[in-house]
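Asks: My questions concern the predicted model and sequence given below.
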Amino acid sequence: MTDSLQTHKPLATTRRTRVSARQKREWLDGYVLVAPAIILFVLLVVYPMFSTIYLSLFDYGLTDARIRFVGLGNFVDLTQDAVFWRSLRNNLTILVVSVIVQVGLGLILAALIDRGIRWGKGLARTLNFAPVVMSAVAVGILWQLIYDPTVGLANHFVRAIGLTPPTQGWLGDPNIVIYSILVVACWQYTGYVMIIILAGMQSVSQELYEAAEIDGATELRKFFHITLPSIRNVNIAVILITMIGAIKVFDLVYILTRGGPANASQVMGTYIYYNAFTVNQAGYASAISVVLLVFALVLGFLQLRLSYRPREDA
Amino acid sequence: MRLRLSTVLVYLLVGVYTLLVALPIVWMFLSSTKTMRELFTAPFALPSDPQWSNFIRAWESGISHYLANSLLVTSVSVILIVLVSALAAYSLARINFPGRVFIYLLLIAGFAIPVHTVLVPLYRTLNGVNLINTHVGLILPYVAFGIPFSILLLYAFFLEFPAEIEDAARIDGCTIWQLVIQIVMPLSMPALVSVIIFQAVFLWNEFSLALIVIRDDALRTIPLGLTKFQGQWSTNWTLMLASLSMATLPVLLLFVILQRHFIRSLVGFSK
Amino acid sequence: MIQHLARFAFILVLLVSVAACTAPAPAPAATAPEQAPAVTEKQTLDLWFNSDDLFNQYNEKIIAAFEAANPEIDIVYSPYPNEAYKTNLQVAIGSNDPPDIFFNWSGDDTGRFVREGHLLDLTPYAEQFGWYDALSPAMLEAFTIDGKLYGAPYSQEAKYFYYHLDMFEEMGLSVPTNFDELLGLCRTISATGMPALAFGNQERWEGVHYLTIFNQKMAGEETIALDYSLSNPADVLFTDPGYVGAFERLVAMQEAGCFGDAVNSTTPDAALIQFVNKVTPMYYQGTWIMGSLKENGLEGKYGMFRMPPMTDPAAKGNQNYVLAGPIGLEISSKTPYPDAAAKFLDFYVSQSSQQALLQDTNRIPVRADAVDREAAAPGVIAVVDDLAVAEGTALWLDVVLENSISEVYLNSIQEVLAGAKTPAEAVAAVREQALKVQANRAQ
């Protein structure tokens, strides 16, 4: 490396005026560098996305030659499809409960670990985060064994604290199956939420706490008046991430129940798969995909808005 | 250290909760070397006579080549993601060409698209070019879906890349390719490591796409391979748990060793 | 500079291979004609199977023997667990790279593939290899559509009640001669605190077997034939009271204590283990479990009986029917090596293979010359004899019905067992879906 030259290029600002040959070459460089990403992305993400919207207008099957234009017929069918409504309701149940439990519990745990304990902080962090790096497939199979209706750990555990396990089984009772799945989801992801919040808390200025201590504030008071306001953005981000995860959920439900018993735990992701690949209704599956896409894009847009904002903290 | 009731309570709460979280994983590893009988009679005792044969049987029944496939698919995908995203992110962050903002927003917006919404067209497309049931058919969409988030992260990093180094390199006669690949990328290791870990963990565990693209047992990745055992060994719990342990161990070990990097990378998602 | 160009070229090559995606009508993959490969070149055939560990051992043995006799053919064997099989096959069959040879059920599972043009017509091979003389005509008939043969049947599967002889003796029980006695048996056994039958309906197909035979017994074989094929007019489709009656019989069994609690979250494998471990004295299951029963040391220690006849006047069907159906191997119409594939099928249904099938796996062969009454397991002989006196077979509901109607049936059974639907509501849901499919087909 030679000495740095102090001729700063003005970065990322608009430069118009006449376009020199050198500038044109630079532009070309810019396009060439971005081209591989653009080509892959357009072919395998953007094009399929529009393709999904287009296919949602057809009665179409993947394994046969059937393809018939039905306009908005698939969407009309959706409104009368009890299973679709159930899958939507399940997604919303997962969304609401996940936000309350994962963010609520994550916040409490993070606060306790951040301010309450001194020894074993690292250990608590490691153990709570460990399920996050496991695949949903491994987690699902592991919990299927735990939920076994005759010899599973869950039954032992519930009996040990003096309760009766559900007679139809944790994953066999249409009324509780979605909550059984939620327990697993919360088990896996609360640690994730906790770590993000903890990272946010650790960047809160210690001086603020010290000043409050001089004023004789209790820990609870400090939590509500210093910690919470300081990590407001982190909390919003975490809530959005949790919501997006809840809308997109597929692997865990597929592995634990395949959407059963009798569609009781169907979510949009599994219902798309079921229609496209089990009952050969790919057009209908595309219509459900469009609904899922709308949810995901709205939430994703909110998240990007939040993260795109220039921020001063690291 | 003042020992107050509230402090004890806090330790107790955190401790009990953490124990509950760890329990299933501990049980998985403990049980994987037990006999079926011991699994049920003493679920949390150490195995009295470790049955390593469970691991050998699982290894020979497919885990070995599932691991190899996952390793191959994940590493090739991650290398391509990093390369393609770094080139694009550099261009977007540092070169002021027309249409830059539009391209950036287009790429970034893609990260909100769940892969389940495009399963049908993706399947059609891959089938159309005979890439169904091939590793390439899995790697290409993995790379495409990995681009948005990687660019988001790298773009932010490259914005703050010191211009002096760039200019110096230019004066030395570096081409733009040399500049990005030989100078900028090596100097951006922290950001690249974040991208690598995030994508590697995600792809190692990816299931939905693998489910529709891969069929041959010989081509299965770990998550897909585990579903075979789910059907095959649903009553042979010790074998099932040995498979789960072997499938989970590599990523858990890496996590424990590279914990700080893991957490920074995966938490980076929230930013 | 060169190396950078090369690097970029590499990326470009990758991308061009993707760019081909946009081509609307891709060139067909399997254009290679049969004569193209040189004699020395190996002909590789993908073989997909729905099978468990035990049956895999048998298949691998047969494949090894076939490959030894035909060194120019290489069989790549892919077994799938039962539940994953149907979906995997359905998706693969429509792709450009389907398996060359695959396991399939008869009924609409085969019928649909024929309608969609995925199956190779095996009639010329059947004539060439003499299958029409050697294999059971009824089994061949099940794979014949519009006069053409589409599958080589290799085994007959039938559904029976299995019971532990020693447990029945201890409890002083006897084999029921009609359905009401079966309910009585359940009441007696459940009074002792154990469920009478193992029942694992998590994957939904165990439940549909009960409904299959109940539908036949209650609504009658003529009615169900017209309804299942959707040939009944819309106003009578699935309106026979026998369908509701069938669901009611299932509920009656549940109320009599035939089943344990968590049936919808118990896997068939777990149910088998319960029966093997004598957690329950009985199990209603297909003949395919007889291999496992032997492996678990139960050979000769269990008895079998059919679903007993219904005596009430509402039952319109022939009460001498057995729940049974053949399974077979089919060949994809896209295979580059149809001759080699057919050769494998012929080997698979040969006398020696069929004898090994019976010996190794306790499965029921489809050729009479493979049944050695002295050497075969008593259970297998009992089934062979029983099938001979049956006046007809009821084929598994979930493979007979069009896929989406079958799905409604499978789900409704789970719901009825969970108390979330009444029998009448369940049949109404089936009828609704059947009408939808019928209307679609008319278009």
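Replies: Yep, that arrived. Numbers count the residues shown, from 1 in each chain, chains lettered A, B, ... in the order given.
Asks: And the strands in the stretch 301-443 of chain C?
Replies: Remark: strands assigned in the stretch 301-443 of chain C by DSSP state E, counting those that start in this stretch are C:302-305, C:321-331, C:392-394.
Asks: Over to the stretch 1-150 of chain A?
Replies: A:58-60, A:67-69.
Asks: quick one: strands adjacent to the first one?
Replies: Strand A:58-60 has these partner strands in its sheet, going by DSSP bridges: strand A:67-69 (antiparallel).
Asks: how far is the strand it pairs with from where the chain is centred?
Replies: Here the centre of strand A:67-69 is set off from its chain's centre by 34 Å, with Cα atoms, centre = their mean, to the nearest Å.
Asks: Residues contacting it, please?
Replies: A:Leu57, A:Phe58, A:Asp59, A:Tyr60, A:Gly283, C:Gln443 (Cβ atoms under 8 Å, 6 or more residues apart in numbering or on different chains). From N, CA and C alone the C-beta is placed, and that goes for glycine too.
Asks: for stretch C:130-140, same thing?
Replies: For stretch C:130-140, contacts defined as Cβ under 8 Å, 6+ apart pick out C:125-126, C:149, C:152-153, C:156, C:326, C:328, C:346, C:349, C:351, C:366-369, C:393.
Asks: and the residue of chain A found nearest chain B, how many residues sit next to it?
Replies: In chain A, the residue that lies nearest chain B is A:Gly300 (2.2 Å; Cβ to the nearest Cβ). Residues near A:Gly300, counting by other Cβ atoms under 10 Å in any protein chain shown, number 22.
Asks: For it, give me its contacts.
Replies: A:Ile244, B:Ala109, B:Phe111, B:Ala112, B:Ile113.
Asks: hmm, back to that, the contacts of stretch C:130-140, buried ones only, as a ChimeraX selection?
Replies: Of those, the buried ones go into a single ChimeraX selection, burial set by 16 or more other Cβ atoms under 10 Å in any protein chain shown:
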select /C:125,126,149,152,153,156,326,328,346,349,366,367,393
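Asks: List just the nearest of the contacts of stretch C:130-140 to chain A.
Replies: Nearest to chain A among those, counting by Cβ to the nearest Cβ, is C:Gly328 at 19.8 Å.
Asks: Per-residue pLDDT of the closest one, please?
Replies: Here the pLDDT value assigned to C:Gly328 is 95.
Asks: quick one: contacts for it?
Replies: Contacts of C:Gly328 (Cβ under 8 Å, 6+ apart): C:Phe103, C:Asn104, C:Ser106, C:Met139, C:Phe143, C:Gly151, C:Ala152, C:Pro153, C:Tyr154.
Asks: Helices - which of the residues you listed land there?
Replies: C:Met139 (DSSP state H).
Asks: any idea which of the contacts of C:Gly328 has the most stuff around it?
Replies: That'd be C:Gly151 among the contacts of C:Gly328, by other Cβ under 10 Å, with 30 neighbours.
Asks: Residues of the stretch 251-400 of chain C that sit close to chain B?
Replies: With Cβ under 8 Å from any Cβ of the partner chain as the criterion, the stretch 251-400 of chain C meets chain B at residues C:Thr267, C:Asp269, C:Ala270, C:Leu272, C:Ile273.
Asks: how near is A:Leu112 to A:Thr227?
Replies: 12 Å (Cβ to Cβ, to the nearest Å).
Asks: From chain B, how far off is C:Ser352?
Replies: For C:Ser352, the distance to chain B equals 28 Å [Cβ to the nearest Cβ, to the nearest Å].
Asks: and that residue, how many residues sit next to it?
Replies: 11.
Asks: cool, C:Leu397 as well?
Replies: 28.
Asks: mind checking pLDDT for residue 142?
Replies: Chain wasn't specified; assuming chain A. pLDDT, A:Leu142: 95.
Asks: let's do chain C instead
Replies: C:Ala142 is given a pLDDT of 91.
Asks: I'd assumed C:Trp396 was in contact with it.
Replies: No. If you go by Cβ atoms under 8 Å, C:Ala142 and C:Trp396 don't touch, sitting 11.3 Å apart.
Asks: what residues are shared contacts of these two?
Replies: C:Gly107, C:Gly325.
Asks: What segments of the stretch 51-200 of chain B are helices?
Replies: B:53-58, B:64-94, B:100-109, B:119-128, B:135-159, B:163-171, B:176-178, B:189-204 (DSSP state H, counting those that start in this stretch).
Asks: so where's the chain uncertain?
Replies: No chain was given, so I picked chain A. A:1-18, A:65, A:307-314 (pLDDT under 70).
Asks: meant chain C, my bad for not saying
Replies: Looking at chain C by pLDDT under 70, you get C:1-40.
Asks: what residue lies at the spatial centre of it?
Replies: C:Trp105 (4.9 Å; Cα atoms, centre = their mean).
Asks: That residue contacts C:Glu330, doesn't it?
Replies: No. The pair C:Trp105 / C:Glu330 is not scored as a contact, 10.0 Å apart, by Cβ under 8 Å.
Asks: before we move on, back to that, mind checking which of the strands of the stretch 301-443 of chain C is nearest A:Ser265?
Replies: With Cβ to Cβ, the closest approach to A:Ser265 among the strands of the stretch 301-443 of chain C belongs to strand C:321-331: 29.9 Å.
Asks: quick one on the thing from earlier: so which of the strands of the stretch 301-443 of chain C is the most surrounded?
Replies: strand C:321-331 (a mean of 25; mean count of other Cβ atoms under 10 Å in any protein chain shown).
Asks: Identify the residue of the stretch 51-200 of chain C closest to chain A, quick one.
Replies: C:Gly94 (3.0 Å).
Asks: quick one on the thing from earlier: and the residue nearest to the residue nearest to the centre of chain C when sequence neighbours are not counted, what does it touch?
Replies: Sequence neighbours aside, C:Val399 is the residue nearest to C:Trp105 in space, at 4.1 Å (criterion: Cβ to Cβ, 6 or more residues apart in numbering or on different chains). Contact analysis of C:Val399 by Cβ under 8 Å, 6+ apart lists C:Trp105, C:Ser106, C:Gly107, C:Asp108, C:Asp109, C:Gly325, C:Ser406.
Asks: export those residues to JSON lines and tack on distance to C:Glu255?
Replies: Putting these into JSON lines (distance: Cβ to Cβ, whole Å) gives the following:
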{"residue": "C:Trp105", "distance to C:Glu255": "32"}
{"residue": "C:Ser106", "distance to C:Glu255": "34"}
{"residue": "C:Gly107", "distance to C:Glu255": "31"}
{"residue": "C:Asp108", "distance to C:Glu255": "32"}
{"residue": "C:Asp109", "distance to C:Glu255": "33"}
{"residue": "C:Gly325", "distance to C:Glu255": "29"}
{"residue": "C:Ser406", "distance to C:Glu255": "26"}
